[in-house]
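Engineer: let me see the structure of the following:
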Amino acid sequence: EQLPGVERFFSGVALERIYVSDLDRARETAAAVATATGCEVEVRGALRERSFGEWEGHTNAELMEADPEMMATYQADRDGYCPPGGQPWNDFARHAVSTMESISAQHTDDVIAVVTHGGFLGAFINHVLRSDRGRVNRYSIHNASVSVVDRLDSDLVARQQQGDAALGKQNDDASDTSGE
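Structural biologist: Numbers count the residues shown, from 1 in each chain. Sure, this is the predicted structure:
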């Protein structure tokens, strides 16, 4: 139900390339962008969401019930704690920034789309906003929303975040680039 909104949003947009995570839900969204733009899609596993290892598929409530001490440790250091078999946020965030900067460097004068996941985009936007917070906590990234980041000389600038394309809502207000 979100895909028609994505197609409407990108209709008529001239893209050089669409990059997408290898996970199915992102690939479905990228296919909608490709339908609207006629642009080629390139799948990159490096655009995957953070791995929560053994925690994947479980709610916070389930994890708290199973091991309250482990969850208390996680809550005390959400950025540095590594879920069993997963990734700590800090490592994941560095990976997300490196991946996005690498893609951006290949397209200094092009308009591209990167279809990935909320945590991945949040880590990158957090970097662009120069937030010293390790976690995204001042804005939210919804499914089928569009965040626009421009390259100005050698700097990246978060220009705006569009509303939920899936609902046909558009929010043209500039995003808070102060990082506060």
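
Engineer: in the chain, which residue is closest to the centre?
Structural biologist: Taking C-alpha atoms, centre = their mean, the centroid of the chain lies closest to Leu121, which sits 2.1 Å from it.

Engineer: can I assume that one sits in a helix?
Structural biologist: Yes. Looking at Leu121 with DSSP: H, G, I helix; E, B strand; the rest coil, it is inside a helix.

Engineer: residues contacting it?
Structural biologist: Ala96, Ile141, Ser147 (C-beta atoms under 8 Å, 6 or more residues apart in numbering). Quick note: C-beta positions are derived from backbone N, CA and C, even for glycine.

Engineer: low-confidence stretches in this structure?
Structural biologist: Residue ranges of the chain with pLDDT under 70: 1, 132-140, 144, 159-180.

Engineer: just the strands in this protein please.
Structural biologist: Ranges of strands within the chain are 17-20, 41-43, 112-115, 146-152, 155-162, based on DSSP state E.

Engineer: now Ala34: how far from Ala113?
Structural biologist: To Ala113, Ala34 is 9 Å away according to C-beta to C-beta, to the nearest Å.

Engineer: more neighbours: those two, which one.
Structural biologist: Ala113 (22 against 19; other C-beta atoms under 10 Å).

Engineer: select the longest helix from this structure.
Structural biologist: With secondary structure taken from DSSP state H, the chain has its longest helix at helix 89-105.

Engineer: quick one: list the elements packing against that one.
Structural biologist: Helix 89-105 sits against strand 112-115, helix 118-128, with contacts defined as 3 or more C-beta pairs under 8 Å, 6 or more residues apart in numbering; DSSP states H and E.
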